[in-house]
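*Asks:* I'll drop the sequence and a predicted model, then ask my questions.
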Amino acid sequence: MGPPGSEPTRWAILIGVGVTISRKNKDSRALVSDKSLQGAVNDIQSMEKYLESRPFAVNKTRLTATKSKDSPLKSAESVDQLPTLDNVVSALKKVLKTSKSNDHVYIHYSGHGSCRAMDDAVALELVNPMTLETEYLYGTVLRSAIKKMIEKGLTVTLVLDCCFSGSVLRDDRPGVGDIRYMDHDTEYDNSFDNPFDDTDSEDLRDGVVTISRLLDPQGYTIITACGPHEVASELKFEGGATSGALSYFLVNSLVLLSRRGTKVSNEMLHQHLRAQFHARLPDQTPMLYGHRGFEFFGDFSDEVGNANISTVSMHRRMEDGCLILHAGQAHGVHKNDEYALAPFDRCINPKDRDSVRCRVYGVDCLSSEMEALDPKNKAGIARGSTWEATLLTSFSRRKIQICLDLDKSILNRQDENASIICRQENSERL
């Protein structure tokens, strides 16, 4: 443990796998397939740039695989810079060895997720240093390493810009590219000893971490690109650039929220992320698991340990310009409730004259539609933009506000749970 009052050290392990190839054999020059993700390394570059812009030092380990311009069978990085299993394990061990209690650890992965059919073990794609073909970092290893970090008193945030299921590997929607999932290939399975093995752990004793275990963090935070049965996509931009949707919106959210001048909890960050996805990529929902009160890559903040239930996110829909509140009947929203809208990057008094006052006119289980009290103010909210909505007035006779526990409904049962809550409230009114 560091001296009382000492500044915590920040550690970042950034992993971007932009090479996914297979060939007939180790020395073959003929490719069997090339499923490389163009945006994975771009994600790491963007996150690294954001971290470098912050007013604190970060001990970074960057491991990326980029296809060489000279040959698709070569990488632009040297072996010691590649996201190999040995290099990732070494980076995790370095943090465990040299960190002190209360330090902060940020692990960001961009690449393909995978799931082994015979036992549902989940894994992250890495690269073999000799062939550049796939090797796997199993959830067992990653979860064991993070468990030791938590036992040491570190705060850990894990971001996974990938998915672990996928019926298709390419998305035909405009502006959307490859899916960040790959079918598991048992030929790339290697027997290995878990370098972070904890035989006393009942949770890890059988050597397999499934998606439900991975997304049940004990003492840390996970942000994923989508729900367990959704697919994570890459975004395509004019000029040919690509990026993982989660990484792109995450950096945007962090930059915007950092301008508030106040602490930002994981819950607030997640709300802003969801708003961006709902506005631009509604079929993909980023998920937050574990601690919601940690300040992103910072100290735990008791005052933001629980989300302010009267403040939620909203967006203006691209298609028709409608104002969509990201809360509905299941959260206690009622027709004629009034909210003050303001950009996320501005700390406001809800009654400030510059905020946009809106009234709810349509309520569904999980979302609501609003209209501006002064239609002229609506023009100031750009289509596709995400804002913060603060409750001003409730017209409910009996205001019941329910926080849905998204951590526990990880099998994409949020809609079913919310529908049950809605039916229960309706039956009580009869």
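*Replies:* Great, that's in hand. Residues are numbered from 1 along each chain as shown.

*Asks:* So, low pLDDT: which residues of the chain?
*Replies:* 1-5, 23-31, 166-177, 191-192, 198-207, 260-262, 298-310, 330, 345-353, 395-430 (pLDDT under 70).

*Asks:* Pretty sure F296 is one of the things H104 touches, is it not?
*Replies:* No: contact criterion CB atoms under 8 Å: H104 and F296 do not qualify, at 9.3 Å. Placement of C-beta: from N, CA and C, glycine included.

*Asks:* Distance-wise, check E135 relative to E125.
*Replies:* Distance of E135 to E125, computed by CB to CB, to the nearest Å: 8 Å.

*Asks:* So if I had to pick from the two, which one is more boxed in?
*Replies:* E125 (28 against 21; other CB atoms under 10 Å).

*Asks:* Contact partners for that one?
*Replies:* V17, T20, G111, H112, G113, S114, T134, Y136, L137, C162, M182 (CB atoms under 8 Å, 6 or more residues apart in numbering).

*Asks:* and the residue lying closest to L246 once chain neighbours are set aside, how many neighbours?
*Replies:* Leaving aside its chain neighbours, L246 sits nearest to A225 (3.8 Å; criterion: CB to CB, 6 or more residues apart in numbering). A225 has 28 neighbouring residues, counting by other CB under 10 Å.

*Asks:* now M182
*Replies:* 21.

*Asks:* Contacts only, for it.
*Replies:* Per CB under 8 Å, 6+ apart, neighbours of M182: T20, K35, H112, G113, S114, E125, T134, L169.

*Asks:* Okay, and the beta partners of the fifth one?
*Replies:* Looking back up the chat, that one is S114. A123 (DSSP bridges).

*Asks:* In contact with it, which residues?
*Replies:* Contacts of S114 by CB under 8 Å, 6+ apart are V122, A123, L124, E125, Y136, F164, Y181, M182, D183, H184.

*Asks:* returning to what we had before: quick check, the residue nearest to L246 in contact with S243.
*Replies:* No: contact criterion CB under 8 Å: A225 and S243 do not qualify, at 11.6 Å.

*Asks:* what's the domain layout of the chain?
*Replies:* What automatic domain parsing lists as the domains of the chain is 10-304, 311-429.

*Asks:* out of everything not next to it in sequence, what's closest to D364?
*Replies:* G328 (4.8 Å).

*Asks:* wait, I meant G219
*Replies:* Nearest to G219 is I150, by CB to CB, 6+ apart, at 4.2 Å.

*Asks:* Next one: that neighbour from P217, what distance?
*Replies:* Applying CB to CB, the value for I150 to P217 is 9 Å.

*Asks:* Looking only at neighbour counts, state which of those two leads.
*Replies:* Neighbours were tallied for I150 and for P217 using other CB under 10 Å; the higher tally belongs to P217 (20 against 15).

*Asks:* Compute the first-to-last residue distance for stretch 209-222.
*Replies:* Start-to-end span of stretch 209-222 (CA to CA, to the nearest Å) is 15 Å.

*Asks:* Most neighbours of all the contacts of E125, which one?
*Replies:* That'd be G111 among the contacts of E125, by other CB under 10 Å, with 32 neighbours.

*Asks:* excluding its backbone neighbours, what's nearest it?
*Replies:* Using CB to CB, 6+ apart, the nearest residue to G111 is V17, at 3.3 Å.

*Asks:* tell me the contacts of that neighbour?
*Replies:* V17 sits in contact with L37, A40, T64, A65, P83, S110, G111, H112, L124, E125, L126, V127, where contact means CB under 8 Å, 6+ apart.

*Asks:* Closest one of those to H315?
*Replies:* Nearest to H315 among those: S110, at 24.5 Å, using CB to CB.

*Asks:* May I have the beta-bridge partners of the residue nearest to S368 when sequence neighbours are not counted?
*Replies:* Once flanking residues are discounted, S368 sits nearest to L325: 4.3 Å by CB to CB, 6+ apart. Under DSSP bridges, the beta-bridge partners of L325 are M314, S368.

*Asks:* Confirm that R213 sits in a helix.
*Replies:* Yes: counting by DSSP: H, G, I helix; E, B strand; the rest coil, R213 is found in a helix.

*Asks:* how near is it to S144?
*Replies:* In terms of CB to CB, R213 sits 11 Å off from S144.

*Asks:* residue boundaries of the strands in the stretch 201-350 of the chain?
*Replies:* Counting by DSSP state E, counting those that start in this stretch, the stretch 201-350 of the chain has these strands, from start to end: 221-224, 233-236, 242-244, 287-290, 311-316, 323-325, 338-343.

*Asks:* between these, which gets nearest to D354?
*Replies:* Using CB to CB, these put strand 338-343 closest to D354, at 7.5 Å.

*Asks:* picking that back up, between which two of the contacts of M182 is the distance greatest?
*Replies:* Pairwise over the contacts of M182, using CB to CB, the maximum falls at T134 and L169, 14.5 Å.
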